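> Following is a predicted model, sequence given first.
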2 protein chains.
Amino acid sequence: MNNTQTTAHTNIALIKYWGKKDSQLRLPYNDSLSLTLDGYYTTTSTKFIDQADDQIWLNQKPAPLAFATRVQHFLDYVRQLNHSKQAILVQTDNHVPTAAGLASSASGFAALAGSLNYLFQMHLDLKTLSILARHGSGSATRSIFGGFVRWYHGHDDQSSFAEEIDGADQMPLRIISVVFSDQPKKISSTKGMQQAVSTSPFYRTWPTTVQQDLTAMLQAIKQRDLEQIGLIAQNNALAMHALNWTARPAFSYFTMDTIHLLTSLNELRQKGYLAYATIDAGPNVKVLTSTSDAAFVQQYLYQNYPQATTTFLKPGPGIKKTVL
Amino acid sequence: MNNTQTTAHTNIALIKYWGKKDSQLRLPYNDSLSLTLDGYYTTTSTKFIDQADDQIWLNQKPAPLAFATRVQHFLDYVRQLNHSKQAILVQTDNHVPTAAGLASSASGFAALAGSLNYLFQMHLDLKTLSILARHGSGSATRSIFGGFVRWYHGHDDQSSFAEEIDGADQMPLRIISVVFSDQPKKISSTKGMQQAVSTSPFYRTWPTTVQQDLTAMLQAIKQRDLEQIGLIAQNNALAMHALNWTARPAFSYFTMDTIHLLTSLNELRQKGYLAYATIDAGPNVKVLTSTSDAAFVQQYLYQNYPQATTTFLKPGPGIKKTVL
């Protein structure tokens, strides 16, 4: 067997995944839609080793325990599917700087799933690979594909998969990531979701909201309407965060900076620039803009938020294999 | 007829009124529950005058046009009920400084309704008077009574009235009003409600949320559980504001100060002090606390928010008539 390396990119959700219906299978309550991003990615290679235990390396060092444990669970799952008991060496490199404010679990588990697909010669197609990646991390389901990606929430293991939506490469869409804090979040996504699902009085309306936003988003993508794409994404993100603000007890991933930036984007829009926000489980903001407005928007953010790290991103590709 | 003066006090909603089902009759989508406050009130006297037009005085000056128009509509309504065409002199004094951050329309229309009740010798009981006051301002419905007051949303004019809930005078409950801005709000309550009702995806869940909060609040009042009263009020206020954050377009009455203060109250609670927030259609916060914690909380707020005006308030009485 050749020594191969699998690369998968990070993604940001424009229609959010917030709430697991089945935490074992990582089945969400609702569909989500993301944009895969260039620039930040994970490369992973795997091989069988003649040892008692797996070896998990992250960025050329033995992986931290929490990460190693999560990877090992995933290896166990894949071994079980393949009736195997062989130990595996995982070498993974995250080209996702913490300061980029993007989760590395999406690209990480997508790359790992891809790599194991070759190692075990499973010959999974991309759809089935997205199902496999889901067992490692919900958002990894979407990082199998490039551009716009829809994750169907499904009702069982086989019906919860991702699929690419055409259009990202014909669109002058740009993302500016604005990072205020690279500290780990106080409330993990998993815990935040649980609290919102079980206590927010608005959660029961969330799946319907997502369905409506998704329908509108698919239409906006078809029409290549960047303004609508940004607006729908921002509305959906605010709705997701309102689930947290109305959880009991209430919590928020926002800081003063987050709120202030939302106000600034509003001002930018009033001046005629395309600038909408999407925000995940943390204080950092991803700004959706256009190729023509990106330079001005980034300059504006740089001047007004000197404490933040801003990074410029484009739509990115799906998973790929490189023979070393 | 004696010359009488009618006094009514302001109130703050602990379970919010947000959304009119019938804007003509001011029928809300949901019940609400308030606390009438001492200290701030409106006194109003009315008499028939032998002139062509009404005369409306506010704080010893001819009233501004917007206010005068609203009062005149109310006078027209009351005249119509009484088959009268006589012009009326209204003299009203608002002892509600703008810097207290409390709406004067609640106490204003409650006092006016009370005064007209005597002028026209309508002999309305308090329940029916609260129905009359509702025609001037929704929150005026509640300012007819003292202490805790429930406004039943009802389904027509006669079923939408307020009623006092026993318990406020036996409770060591205090309110600290924290005012950051005495500027008029950019989006009126009426407009904000309309936008939330018609565009927030969470609005359909709001009446159920209120019903649950109300049931819990009535229980907490019965048990004299200040901690629960504060917690439920804060949760309900956050849910109301989440309707605005998820309106499309989104809007917010909060400023940085509002958010920051919510964080501070959280810290105070972690230190063991009773301090919960309720927030109406503006950036200002009313802090619910206890007689024993009030001094510390006020001192803390004074030190941390020197730019704000803090005012100390107690539960207040219902409407009353004074013969001059």
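Received the coordinates, thanks. As the structure is a prediction and not an experimental result, all values here were calculated from the model. Numbers count the residues shown, from 1 in each chain, chains lettered A, B, ... in the order given.

> CA atoms for contacts and neighbours, from now on please.
OK.

> Which residues lie in contact with residue A:112 in this structure?
A:6, A:44, A:45, A:46, A:133 (Cα atoms under 8 Å, 6 or more residues apart in numbering or on different chains).

> try 6 Å
residue A:44 (Cα atoms under 6 Å, 6 or more residues apart in numbering or on different chains).

> Which helix or which strand is home to it?
helix A:104-119 (DSSP states H and E).

> looking only at pLDDT, what's the mean for that helix?
Confidence over helix A:104-119 (mean pLDDT, whole number) is 96.

> next one: it to chain centre, how far?
14 Å (Cα atoms, centre = their mean, to the nearest Å).

> can you give me the angle the helix or strand just after it makes with helix A:104-119?
Using DSSP H and E, the helix or strand that follows helix A:104-119 in sequence is helix A:126-134. Angle, helix A:126-134 to helix A:104-119, by axes from the mean of the first three to the mean of the last three Cα atoms, to 10 degrees: 120 degrees.

> outside of helix A:126-134, which residues touch it?
A:109, A:110, A:113, A:140, A:141, A:144, A:161, A:162.

> Stretch A:196-208 now?
Contacts for stretch A:196-208 (Cα under 6 Å, 6+ apart): A:30, A:243, A:244, A:246, A:247, A:248, B:202, B:209.

> ok so, going back, in JSON lines, list the contacts of helix A:126-134 along with neighbour count and distance to residue B:181.
Shown next, in JSON lines, are the contacts of helix A:126-134 (neighbours: other Cα atoms under 10 Å in any protein chain shown; distance: Cα to Cα, whole Å):
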{"residue": "A:109", "neighbour count": "30", "distance to residue B:181": "49"}
{"residue": "A:110", "neighbour count": "39", "distance to residue B:181": "50"}
{"residue": "A:113", "neighbour count": "29", "distance to residue B:181": "55"}
{"residue": "A:140", "neighbour count": "31", "distance to residue B:181": "46"}
{"residue": "A:141", "neighbour count": "31", "distance to residue B:181": "47"}
{"residue": "A:144", "neighbour count": "35", "distance to residue B:181": "50"}
{"residue": "A:161", "neighbour count": "25", "distance to residue B:181": "50"}
{"residue": "A:162", "neighbour count": "28", "distance to residue B:181": "49"}
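
> Now tabulate those residues in JSON lines and tack on distance to residue A:97.
Shown next, in JSON lines, are the contacts of helix A:126-134 (distance: Cα to Cα, whole Å):
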{"residue": "A:109", "distance to residue A:97": "16"}
{"residue": "A:110", "distance to residue A:97": "17"}
{"residue": "A:113", "distance to residue A:97": "21"}
{"residue": "A:140", "distance to residue A:97": "17"}
{"residue": "A:141", "distance to residue A:97": "21"}
{"residue": "A:144", "distance to residue A:97": "20"}
{"residue": "A:161", "distance to residue A:97": "27"}
{"residue": "A:162", "distance to residue A:97": "25"}
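
> dump the residue contacts of the residue nearest to residue A:282 when sequence neighbours are not counted.
Excluding the flanking residues, the one nearest residue A:282 by Cα to Cα, 6 or more residues apart in numbering or on different chains is residue A:253, at 4.7 Å. Applying Cα under 6 Å, 6+ apart to residue A:253 gives the contacts A:281, A:282, A:283.

> same thing with residue A:4?
Residue A:4 touches A:322, A:323, A:324, counting by Cα under 6 Å, 6+ apart.

> let's go with 8 Å and repeat that
Residue A:4 neighbours (Cα under 8 Å, 6+ apart): A:45, A:115, A:321, A:322, A:323, A:324.

> same check, this time on residue A:173
A:226, A:288, A:289, A:290, A:291, A:314, A:315.

> Flag every residue of the stretch 101-250 of chain A that's near chain B.
Within reach of chain B by Cα under 8 Å from any Cα of the partner chain, the stretch 101-250 of chain A has these residues: A:201-202, A:204-206, A:209, A:235, A:238-239, A:242, A:245-246, A:248-250.

> how does it look with 6 Å?
Within the stretch 101-250 of chain A, the positions lying close to chain B (Cα under 6 Å from any Cα of the partner chain) are A:201, A:202, A:209, A:239, A:242, A:246.

> picking up where we left off before, assign the residue nearest to residue A:282 to helix, strand or coil.
Three-state assignment for residue A:253 (DSSP: H, G, I helix; E, B strand; the rest coil): coil.

> Single out the residue in the stretch 51-200 of chain A that lies closest to chain B.
Distance from chain B to each residue of the stretch 51-200 of chain A (Cα to the nearest Cα) is smallest for residue A:200, at 8.9 Å.

> just to revisit the earlier point, with the contacts of residue A:4 in mind, which one is nearest to residue A:94?
residue A:45 (12.0 Å; Cα to Cα).

> Next up, the contacts around that closest one.
By Cα under 6 Å, 6+ apart, the residues touching residue A:45 are A:5, A:91, A:115.

> one more time with 8 Å, if that's ok
Shown in contact with residue A:45 (Cα under 8 Å, 6+ apart): A:3, A:4, A:5, A:6, A:90, A:91, A:92, A:112, A:115.

> measure the first one to chain B for me?
Read that as residue A:3. As judged by Cα to the nearest Cα, to the nearest Å, residue A:3 and chain B stand 50 Å apart.

> so how far is residue A:129 from the closest residue to that residue other than its chain neighbours?
Once flanking residues are discounted, residue A:3 sits nearest to residue A:324: 5.8 Å by Cα to Cα, 6+ apart. Remark: distance between residue A:324 and residue A:129 (Cα to Cα, to the nearest Å) = 22 Å.

> Does residue A:236 fall in a helix, a strand, or a coil region?
helix.
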